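A.B. asks: What follows is a predicted protein model with its sequence.
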Amino acid sequence: CHAAIIKMDLKKKKKKKLYWAHIWMHGTPSICQLRLILYILHVCSVISRFTPEILRKGIHGDTMTENGCEYRERVLTMDTMNPNVKRVEYAVRGPIVQRAVQIERELKMGIKKPFTEVIRANIGDCHAMGQKPITFFRQVLALCSYPDLLEDGKFPEDAKSRARRILQACGGGSLGAYSTSQGIEMIRQDIARYIERRDGGITCDPDNIYLSTGASDAIVTMLKLLVSGEGMSRTGVMISIPQYPLYSATLAELGAVQISYYLDEDNCWSLDISELRRALQEAKKHCSPRALCIINPGNPTGQVQSRQCIEGVIRFAAAEKLFLMADEVYQDNVYADGCKFHSFKKVLFEMGLEYSEKVELASFHSTSKCYMGECGFRGGYMEVVNLDPEVKVQLTKLVSVRLCPPVPGQALLDVVVNPPQPDEPSYDTFIKERTDTLATLAEKANMTQEILNQVPGIKCNPVQGAMYTFPRIHLPPKAILEAKEKEQTPDMFYCMKLLEETGICLVPGSGFGQRDGTYHFRMTILPPKEKLKIVLAKIKEFHQHFMAQYS
Amino acid sequence: FSVERGTSLAARSLIAGALDQCSPLTLTSLTGVRHKSQGPSVEKCGQMRFITAEAKASAGRLEGKLREKTLTLDTLNPQVKAVEYAVRGPIVIKAGEIERYLEEGGTKPFSEVIKANIGDAHAMGQKPITFLRQVVALCTFPELMDSPSFPEDAKRRARRILQGCGGHSLGSYSASPGVECIRKDIAAYIEQRDEGVPSDWENVYLTTGASDGIMTILRLLVSGKDSSRTGVMIPIPQYPLYSAAISEMDAVQVNYYLDEDNCWALDINELHRSYQAAKQHCQPRVICIINPGNPTGQVQSKKCIEEVLHFAYEENLFVMSDEVYQDNVYAPDCQFHSFKKVLYEMGPEYFNSVELVSFHSTSKGYTGECGFRGGYMEVINMDPEVKAQMVKLLSVRLCPPLAGQAAMDVIVNPPQPEEHTFKQFHQEKSSVLGALAEKAKLTEKILNAVPGIKCNPVQGAMYAFPRIFIPPKAVEEAKALGMQPDMLYCLRLLEETGICVVPGSGFGQKDGTYHFRMTILPSIEKLKVLLGKVRDFHIGFLKEYSGLE
């Protein structure tokens, strides 16, 4: 019956269309005209099926009013959408990157530009910038994906034994099976042992390890647990400024309160405890601060925290009852002499029972950074320390809704924490590849800082670690004025112009947060050395032009 | 089996269940010092908390041991607490415990746990499709391109995928909506599947399994307060991802019941009833359909889909159609109809206005590649501004796993008849689907032969959702233990036979009816044994609780 109604509805509407077409033709139609009308209608319907959305929307909208139907509002519009989504901002893939994609298309179409390619220095995407994957990792993954290769003589034995071990831990011996939601148990054990080695023997319980879809996933999950309350008691989360915008985006989406503490640019972006205290006291007036996020080594700022600083942070978190979230995805990316990575967990446990038994800590790691740079596999894990057992049950439940993190990413993580040993055939190649990658990064970190600091109006802190430089740029008042007229932040205006003129894609500092009246950009140090030199030279030239133009 | 053991087991899970049910108030009174984060006097509590925090700040270091945790069940996000996900719930945790117990040399009346709780094809012994794995291996380790043991067809696909990846590596991030050439392949596939209905590749978004896509869309849709809060219509029984996501986002769940007496068909009158009832207290804005059904296995007729779409059109509802089982149709008189195709055939009025998102995944079908977490969604008629917001939201998570994207590409772009690998591919595909069809029939047949079990035909998907009769005495016992009767049934089934199935209460069912969901995935031999055990258990259970010896 309903189908019949639908058909009738359709017929009625078709008749109406004919009627309107008839009016449009003025007068009684001849057969010839009728045919024409039918033809036009046919063309219209064909167009409406094949034209791009915007065009189609136009045609369609007309028909609706013509028909005398009420205009059918969309269910999901900007007005009815989840308002928290609107507040989310994520500069690393924001408008500037969208413009970069457009320019790339324009270049492909043959449109002339003052450059021949877009260089994406906006995101820490190592392989896209030409870094080679570690052979051993990929061998193990290929073996896991296609186990027939285990019979292939070309693969080294150590890769095969790793692959066999991983597959044995997978359901049905296949990467295609779901794992437990927390991650494959054997891999969690391997990670726990790796953490123990890294932290000089401090014990790590595999049950405290949760594998994740990249570190981002785990960070979002942890924040999701922490957010509660209304009004004054709404959860506040302390994040550094500048920060990696995943944090601000997630807090916006969850409707939590962002509490900004500023890193000290004049002091190599170091973290100052008195600034933490200031931020916290201010925030307590309007929310309930419950978590403190630290990124070490810093993104976008590249500083590596001293042990003393970490101790201070832990003491502060203990006194103020804050849940600590330590984002340590760049733990292998430390370049500066005299700097060393200290894990929050290690420092926490070395501070004695008073702290190690009570401070709640989640630390995050990933396959995307360090010397691996395997972003696409979305591998990652978090370790939770002192998490309330009841909350842990809830955490496990929450992650189970998403079933499991991608198993190839889990497998990759296993090889990262369990790399070739000195007595194994792949050891030499592995060490060489790893050392080369890290040495090149160190060299590029140095080079970037050196060249940028030569440019008048650019001031760049040393890139002690991670993969970015976050130089401060001096922008003349005239440029700031023009930006305001265009309703852009001044550094967005600067970066857009840089993109249009040189093809270099950077992210404006406003996307990460900065002190009012200061301007920065974030740029990765990942392009190959030769290319990086060119990029830096182009920035230098651009900056000088820019200054000349607006002074 | 002794009743005593049953009770102690039940008591244990009661404790587990109690954790969820315990009100924050009780815990507060238990521990004395915890701070409430919810309840009527939220404001006051919030202030108190901050005053105490300040007061303690100086003394904090001395009172080390007394320090309360920051994150407790009281202070936890209440929406997280509300989430329930039965497919990996208490029964599965219990199954894991038993497995470990067996591994450690413990004895049970069975030698292994059979996990029929989840649609995990490979874990149940289904073999991966060779061609798919060859392409993924080639993408992962491109040195293999020189290997003569890989077919040219696979190499060609791998090369094409790698060309779409930054730095020609699976290790680079893709664009947040997915690799462009894969999106194009998907659009071409959809057009072919829907016999020419146009598909724009820019409407296709890759996801981390279909679940991720479903969550993303729901996240966009949830807004409003109180009676204007978004209501989401979902079938009952449903796949619990929906109810879990709705709880997590604090949306309103609007149930419409599938008609068990009519092969779990969707009845349009029931949609109307449910919609009207919901309108009193929320704003229903979206309807979710699972076709073929999970856990119910029905395949919707074209007429039924037309009715649903007409209903959505009339009531201004956003349509989410979960079509991850589109290749899993077994009943000879059933055919999969995509919502999009039906919408198109209903004419431009509908096709140009109804907002529709459909989901697909690598995890089901004949590939069963769950671990790769590949999936996509196609979005139709979405407001362009909202689309931009969605892309922004997706970009925060950077991108779906590349290996999963590559697997998805192979599924939408499989070997063609003129290619060398076609024969093997085709043979593998039909053998998987053939076996599934056989198992679907077998399951239905054997279960229906058991008195007190009634099972609808498994027309599609991977599950049977039989109705089980539970004697009043058992229902009473379960209630006394504070658990659902079908949970008691499934726990005992697990304890006695090692078979892990999910109680119907995890999916939702009409009050007073009881079911369980089991997958049809174990190998035919194993499935026969399994069904035999279920039969024996059921008969024993009935005897025990009916007093009929």
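C.D. replies: Yes, it's here.

A.B. asks: Show me where the stretch 1-150 of chain B has its helices.
C.D. replies: Using DSSP state H, counting those that start in this stretch, the helices found in the stretch 1-150 of chain B span residues B:3-21, B:24-31, B:42-59, B:78-82, B:90-103, B:130-140.

A.B. asks: Mind telling me which of these the model trusts least?
C.D. replies: Per-stretch mean pLDDT for the helices of the stretch 1-150 of chain B is lowest at helix B:24-31 (a mean of 33).

A.B. asks: Tell me the secondary structure at A:C293.
C.D. replies: Three-state assignment for A:C293 (DSSP: H, G, I helix; E, B strand; the rest coil): strand.

A.B. asks: Point out where the stretch 101-250 of chain B drops to low pLDDT.
C.D. replies: Within the stretch 101-250 of chain B, no stretch falls below the threshold (pLDDT under 70).

A.B. asks: and what of the stretch 51-200 of chain A?
C.D. replies: A:51-72.

A.B. asks: A:D158 touches A:S426, doesn't it?
C.D. replies: Yes. Between A:D158 and A:S426 there is a contact at 5.0 Å, judged by CB atoms under 8 Å. In short, each C-beta sits where N, CA and C put it, glycine included.

A.B. asks: Please enumerate the helices of the stretch 451-551 of chain A.
C.D. replies: Under DSSP H, counting those that start in this stretch, the stretch 451-551 of chain A gives helices at A:477-485, A:490-502, A:529-550.

A.B. asks: Could you dump the ones you listed into a markdown table with distance to A:K340 and mean pLDDT added?
C.D. replies: A markdown table is the format used below for the helices of the stretch 451-551 of chain A (distance: least, CB to CB, whole Å; pLDDT from 0 to 100):
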| stretch | distance to A:K340 | mean pLDDT |
| --- | --- | --- |
| helix A:477-485 | 40 | 93 |
| helix A:490-502 | 32 | 94 |
| helix A:529-550 | 25 | 93 |
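
A.B. asks: Just put those in CSV and tack on mean neighbour count.
C.D. replies: Supplementary listing: the helices of the stretch 451-551 of chain A in CSV, determined by neighbours: other CB atoms under 10 Å in any protein chain shown:
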stretch, mean neighbour count
helix A:477-485, 14
helix A:490-502, 21
helix A:529-550, 16
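
A.B. asks: For A:L167, find the nearest of the ones you listed.
C.D. replies: Closest to A:L167 of the helices of the stretch 451-551 of chain A, according to CB to CB: helix A:529-550, at 38.9 Å.

A.B. asks: what's the angle from the closest one to helix A:477-485?
C.D. replies: Orientation of helix A:529-550 against helix A:477-485 (axes from the mean of the first three to the mean of the last three CA atoms, to 10 degrees) gives an angle of 90 degrees.

A.B. asks: Can you show me the CA trace of helix A:529-550 as PDB?
C.D. replies: What follows is helix A:529-550, C-alpha atoms only, in PDB (Å, rounded to 0.1, in the frame of the first residue of the first chain):
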ATOM      1  CA  LYS A 529      68.700  18.000   3.600                       C
ATOM      2  CA  GLU A 530      69.000  19.500   0.100                       C
ATOM      3  CA  LYS A 531      65.300  20.400  -0.100                       C
ATOM      4  CA  LEU A 532      65.300  21.700   3.500                       C
ATOM      5  CA  LYS A 533      68.100  24.100   2.500                       C
ATOM      6  CA  ILE A 534      66.100  25.400  -0.400                       C
ATOM      7  CA  VAL A 535      63.000  25.700   1.800                       C
ATOM      8  CA  LEU A 536      64.900  27.700   4.400                       C
ATOM      9  CA  ALA A 537      66.500  29.900   1.800                       C
ATOM     10  CA  LYS A 538      63.000  30.600   0.300                       C
ATOM     11  CA  ILE A 539      61.600  31.400   3.700                       C
ATOM     12  CA  LYS A 540      64.500  33.800   4.300                       C
ATOM     13  CA  GLU A 541      63.900  35.500   1.000                       C
ATOM     14  CA  PHE A 542      60.200  35.700   1.500                       C
ATOM     15  CA  HIS A 543      60.500  37.100   5.000                       C
ATOM     16  CA  GLN A 544      62.900  39.900   3.800                       C
ATOM     17  CA  HIS A 545      60.400  40.800   1.000                       C
ATOM     18  CA  PHE A 546      57.600  40.700   3.400                       C
ATOM     19  CA  MET A 547      59.300  43.100   5.800                       C
ATOM     20  CA  ALA A 548      60.300  45.400   3.000                       C
ATOM     21  CA  GLN A 549      56.800  45.400   1.600                       C
ATOM     22  CA  TYR A 550      55.100  46.200   4.900                       C
END
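
A.B. asks: Which strands or helices does that helix pack on?
C.D. replies: Using 3 or more CB pairs under 8 Å, 6 or more residues apart in numbering or on different chains; DSSP states H and E, the elements in contact with helix A:529-550 are helix A:427-453, helix A:477-485, helix A:490-502, strand A:504-505.

A.B. asks: And those: which comes nearest B:K479?
C.D. replies: Once the helices and strands packed on helix A:529-550 are compared by CB to CB, helix A:427-453 is nearest, at 60.3 Å.

A.B. asks: What angle do helix A:529-550 and the closest one make with each other?
C.D. replies: With the same axes, to 10 degrees as the basis, helix A:427-453 and helix A:529-550 are set at 20 degrees to each other.

A.B. asks: list the helices and strands helix A:427-453 packs on?
C.D. replies: In terms of contacts (3+ CB pairs under 8 Å, 6+ apart), helix A:427-453 is packed against helix A:135-145, strand A:468-469, helix A:529-550.

A.B. asks: In a markdown table: those, plus distance to B:F507.
C.D. replies: Listed next are the helices and strands packed on helix A:427-453 as a markdown table, based on distance: least, CB to CB, whole Å:
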| stretch | distance to B:F507 |
| --- | --- |
| helix A:135-145 | 33 |
| strand A:468-469 | 47 |
| helix A:529-550 | 55 |
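
A.B. asks: quick one: which of these is nearest B:V458?
C.D. replies: helix A:135-145 (31.2 Å).

A.B. asks: The closest one and chain B in contact?
C.D. replies: Yes. Helix A:135-145 is in contact with chain B by CB under 8 Å from any CB of the partner chain, via A:138-139, A:141-142, A:145.

A.B. asks: then that helix to PDB, C-alphas only?
C.D. replies: Extracted C-alpha coordinates of helix A:135-145, given in PDB (Å, rounded to 0.1, in the frame of the first residue of the first chain):
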ATOM      1  CA  THR A 135      63.600  -2.600   6.400                       C
ATOM      2  CA  PHE A 136      63.300  -5.100   9.200                       C
ATOM      3  CA  PHE A 137      59.900  -3.700  10.400                       C
ATOM      4  CA  ARG A 138      58.500  -3.900   6.900                       C
ATOM      5  CA  GLN A 139      59.800  -7.400   6.400                       C
ATOM      6  CA  VAL A 140      58.100  -8.600   9.500                       C
ATOM      7  CA  LEU A 141      54.800  -6.900   8.500                       C
ATOM      8  CA  ALA A 142      54.900  -8.400   5.000                       C
ATOM      9  CA  LEU A 143      55.500 -11.800   6.500                       C
ATOM     10  CA  CYS A 144      52.500 -11.300   8.900                       C
ATOM     11  CA  SER A 145      50.300 -10.100   6.000                       C
END
